[in-house]
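J.: Pasting the sequence and the predicted coordinates here, then a few questions.
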Amino acid sequence: KKRGTTFGGVPFAGNYREADRIVTKTRNFAARHNLSSDLRGRTAFSALWDLVRLGNATDDDAISFGSKFLGSEGGGPTTVSTDNLLSLFENSRFDDPRTRAALPSKATDVARAASMGTARHSVPNGAVRSRAWLEENGMCTDNIVPGASGNPRAGRGAFATRFLAEGSVVTPVPLLLLPDRRVLDMYSLAPGRGGGRGTYDAPMKRSRDRGLRQVLLNYCFGHPRSTALLLPYSSTVGLVNHDEERDPNAELRWPPKFERINGKLTGMSIEDIARQDTPPGSVVMELVALRDIAPGEEVTIDYGDRWDRAWRRHVERWEAPPSSSAQSLYVPAAEMNAARGDWAVRTFDEERIHPTFPPNIDTACYYDFGSGAKLDDVQSCSLPGHLPDLAAHGIDNDIKQRIFSWERTSSLRRGQENLRRCRVIARDLPHDQGGSSDKQFVVLVKERSSNRLWQRAVRGVPEDAIMFIDLPRTSDQHLAGAFRHELALPDDMFPQLWMNVF
């Protein structure tokens with residue numbers, strides 16, 4: 001919470017790519033329409049940038065801006081129309097606060113950010129270090145990348161990007177220290193008195209049971225004689241899997257390079273640590289290669305005897321949910337995507353009338369908000385028969401008049417930033433054919449927020465761009481009775497002063 005309040009959300013790589021697109025479009029728009037050649041033009045551009053940074057500027061914003069700054073009445077350039085502004089706003093929409101944090105706050109910095117990239121522009125002066133400094137003080141963080149694990153029960157894993165010699169550091173492991181593991185207990189939310197805000201009840205009767213602990217516990221390191229947990233705080237480290245043959249190619253160690261930093265906390269009791277504000281990364285371990293690791297090889301560690309026994313006990317005791325329960329209908333979204341011949345895309349109304357999808361499944365589609373031309377009024381689109389009642393899908397009149405065409409761009413499937421939740425509302429016709437086709441659809445694209453401005457009707461979406469996804473907190477790791485256990489650090493690695501359970 002404090003981090004979000006202070007920084008507004010730290011941008012990811014996808015947010016910087018989205019910010020790059022926005023600043024480039026805005027810079028080009030200003031150049032085309034001469035919005036920075038004089039004082040009034042610079043004032044107009046500053047006001048324009050404030051609207052773009054909102055991420056959800058409206059038609060009214062465009063009209064108000066135009067009357068104030070543009071045209072003969074506003075004393076500005078006459079080449080800018082309201083439609084020009086609407087097009088810029090439409091192609092610069094976002095709702096993720098991390099994207100806003102990636103954008104320059106001042107209009108005067110837009111051109112510089114567009115030329116050098118928003119990620120580089122966001123780095124404070126003096127933060128770029130020399131290669132000599134990095135070699136002496138830094139640690140490489142790109143030695144591993146995510147991928148599908150060779151263990152089918154593990155899901156994803158971490159894979160070497162280059163040859164890693166025996167004894168070399170695979171990656172640093174900065175850690176978030178949680179002094180009291182009870183922060184991961186699950187609580188029920190009870191209504192407040194008088195219909196007010198909800199209040200947290202006492203923990204459930206079996207709140208310390210692994211089935212009622214947050215899934216985050218599975219990624220933490222701990223010790224049975226301590227209340228503390230250590231959560232890895234860097235990319236991909238959380239994907240390093242347990243070697244079931246107990247023959248891992250890497251292990252965790254305390255790095256001598258960080259002895260001064262780590263010593264501040266390892267020399268304190270957990271009770272003393274809990275009384276102070278401990279920032280993430282105050283404790284650092286490192287992952288070290290136990291033998292030569294080839295490029296593309298999966299990196300594994302040993303989760304420890306306690307974890308291994310707990311996992312084997314869980315497997316032995318696990319029972320399938322009763323056939324009458326909703327859990328018995330669970331099918332992983334990844335499994336459905338891999339068997340598309342068995343799971344065809346269906347419209348929302350088709351599924352509502354004759355349900356076939358498991359209750360944990362929703363749909364998402366790959367769509368780039370910066371692509372796709374705006375089509376004519378919906379009544380003139382060559383749709384099969386007519387669209388369903390769009391108002392029933394939460395589409396207001398403004399959106400009905402602005403349906404967009406889907407476009408396959410080169411960056412469409414780069415990462416996950418263009419995979420957006422969507423509702424399949426109708427079957428479409430191919431643009432260049434008059435016959436019927438079940439392979440293209442009209443969808444309502446939804447962004448992460450529930451703001452209606454972030455719903456966009458898109459037509460011509462091919463079936464291969466529509467994916468099945470798990471609804472939040474419905475994947476197999478969230479099912480009742482799912483495995484919960486921290487990763488075990490051996491006795492000789494866990495600080496003695498942190499062992500506060502006797």
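T.: On my side now, so go ahead.

J.: switch to C-alpha atoms for all contacts and neighbour counts from now on
T.: OK.

J.: what's around the nearest residue to residue 305 once chain neighbours are set aside, how many residues?
T.: With CA to CA, 6 or more residues apart in numbering as the criterion, residue 305 has its nearest non-adjacent residue at 7.6 Å, and that residue is residue 488. Burial of residue 488 is recorded as 19 neighbouring residues (other CA atoms under 10 Å).

J.: mind checking pLDDT for residue 488?
T.: On the pLDDT scale, residue 488 is placed at 89.

J.: repeat for residue 2
T.: Confidence for residue 2, expressed as pLDDT, is 49.

J.: do the one 10 residues further on as well
T.: Residue 12 carries a pLDDT value of 83.

J.: Check whether it really touches residue 100, as I assumed.
T.: No - in this structure, residue 12 is not within contact of residue 100 by CA atoms under 8 Å, at 11.4 Å.

J.: Counting neighbours around each, name which of these two comes out higher.
T.: residue 100 (23 against 13).

J.: Quick check: closest non-adjacent residue to the more buried one.
T.: residue 53 (6.4 Å).

J.: got it, and residue 146?
T.: Residue nearest to residue 146 in three dimensions, not counting chain neighbours: residue 158, with 4.8 Å by CA to CA, 6+ apart.

J.: could you dump the one helix or strand that neighbour maps to to PDB, C-alpha only?
T.: According to DSSP states H and E, residue 158 maps onto strand 156-160. Extracted in PDB, the C-alpha atoms of strand 156-160 (Å, rounded to 0.1, in the frame of the first residue of the first chain):
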ATOM      1  CA  ARG A 156       6.200 -22.800 -15.300                       C
ATOM      2  CA  GLY A 157       9.900 -22.900 -14.500                       C
ATOM      3  CA  ALA A 158      13.100 -20.800 -14.800                       C
ATOM      4  CA  PHE A 159      15.600 -21.500 -17.600                       C
ATOM      5  CA  ALA A 160      19.100 -20.400 -18.200                       C
END
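
J.: partners of it in the sheet?
T.: The pairing partners recorded for strand 156-160 under DSSP bridges are strand 144-148 (antiparallel), strand 298-301 (antiparallel).

J.: Next secondary structure element downstream of it?
T.: Criterion used, DSSP H and E; the element after strand 156-160 is strand 169-178.

J.: Just want the angle from that next one to strand 144-148.
T.: 80 degrees (axes from the mean of the first three to the mean of the last three CA atoms, to 10 degrees).

J.: in the stretch 401-502 of the chain, which ranges drop under the pLDDT threshold?
T.: 401-402, 414-415, 429-438, 446-455 (pLDDT under 70).

J.: Now do the helices in it.
T.: Along the stretch 401-502 of the chain, counting by DSSP state H, counting those that start in this stretch, no stretch forms helices.

J.: what does the stretch 1-150 of the chain give?
T.: 2-7, 13-32, 39-54, 59-69, 71-74, 82-90, 97-102, 110-116, 118-121, 131-137.

J.: Next one: residue 270 relative to residue 165, how far apart?
T.: Distance, residue 270 to residue 165, by CA to CA, to the nearest Å: 36 Å.
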